[in-house]
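> Pasting a predicted model and its sequence here:
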Amino acid sequence: MSSLFVNHININAITNNEFTYDRVKNISDWILNRVDLRPKIAIVCGSGLGGLGERVQDARIFPYEEIPDFPRSTVVGHKGNLIVGKLNEIPVICMQGRFHSYEGYSNALCTLPMKVFKLMGVQTVLLTCAAGGLNQSFKVGDIMLIKDHVAPLLWTLQNPLIGHNDERFGPRFPACNNIYKKNLRDIFRSIAEEKQIELQEGNYAYLGGPNYETVTELKALIQMGGDAVGASTANEALVASYCGMNVLAIALITNKAVIEYDSQDFPCHEEVIQIANQKACVLQELVTELVKFLDF
Ligand SMILES: O=P(O)(O)O[C@H]1O[C@H](CO)[C@@H](O)[C@H]1O
Ligand SMILES: Nc1nc2[nH]cnc2c(=O)[nH]1
């Protein structure tokens, strides 16, 4: 089987024709052949949130570069390990670092792990991310449960579902009005309530990055219904849902969107990582409790 990569650059930029069922199955079998556990829950750690992976016990750690046909993590705050083990006694598979389209990966490649999870037998995908707060009532450090997304990039040829559709993954025309499952959000909310952790809920706006947004773009995203903005998660949620898996997604608000022109404030990745690191333990606590309720 020939590699999809030339010097780690994805040569399959537009269609997902190269991500055949057999090729994805090859990756999924490669992982399953190396572990005894059969996780039904997958967790994706966002920028600065990889500490969750360190909570996984009896862990088998696979650096991405060891996994056949897997992309590499190139972003600070994304370690690039796939971890299989137990969180709170529950079998999980955890991505310590994700792939973003601004790294030069097509959205089809960014979301390849979702298809791998599907073929491994995963039923629930838990996505985490760092995001900028568009909703002016949000504070830095808030945790936002994602209710829905708006993703202008996915209205274009960047949509990861473009190309040949293999029905063994999902339908040609998937419905998307119910991606982020209410029952999972309800469970997460009740865990937060019990722990007296304040929770926000809102819509995630997805842009490709790598630049942070202009003031006018931010205003447009607010008009579109966005409460937080980032460069991930929505593409993964779309593909996970298309594959028939349950999706829960949580954004940590690491910065407030600067929606005044001529402001001297500006976002930066160092601050995103710093805030994510500071607040990661709260998110980790919630997720560790949550997995007990997802292993059905
Ligand atoms: O979405 P995650 O991977 O958490 O990362 C977020 O943080 C980075 C910007 O600081 C962007 O990649 C944005 O998407
Ligand atoms: N695009 C984008 N990604 C982020 N990740 C964390 N904060 C932000 C932000 O303000 N914009």
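Received, thanks. Here the structure is a predicted model, which is why all the values come from computation and not from measurement. Residues are numbered from 1 along each chain as shown. Ligands and ions are numbered 1, 2, ... in the order given.

> tell me which element the closest residue to ligand 2 within the stretch 101-250 of the chain is part of?
Relative to ligand 2, the nearest point of the stretch 101-250 of the chain is residue 132 (2.1 Å; CB to the nearest ligand atom). Any C-beta I mention is one placed from the backbone N, CA and C, and that applies to glycine too. Following DSSP states H and E, one finds residue 132 within strand 124-133.

> C-terminal to that strand, what's the next element?
strand 143-150.

> Next secondary structure element downstream of that next one?
Of the helices and strands lying after strand 143-150 in sequence (DSSP H and E), the nearest is helix 182-194.

> May I see the buried residues of that next one?
Buried residues in helix 182-194, counting neighbours by 16 or more other CB atoms under 10 Å, are found at 184, 185, 187, 188, 191, 192.

> Once you drop chain neighbours, what's closest to the fifth one?
Read it as residue 191. residue 289 (5.0 Å; CB to CB, 6 or more residues apart in numbering).

> Over to the last one?
Take residue 192 and drop its neighbours on the chain: the residue closest to it by CB to CB, 6+ apart is residue 199, 4.5 Å away.

> Show the contacting residues for that neighbour.
Counting by CB atoms under 8 Å, 6 or more residues apart in numbering, residue 199 makes contact with 143, 144, 145, 188, 189, 192, 193.

> got the residues of this protein near ligand 2?
Counting by CB under 6 Å from any ligand atom, the chain comes close to ligand 2 at 130-132, 207, 209, 212-213, 229-231, 254-255, 257, 267, 272.

> Let me know whether the strand holding residue 132 sits next to ligand 1.
Yes: Strand 124-133 comes into contact with ligand 1 (CB under 6 Å from any ligand atom), by way of 129, 130.
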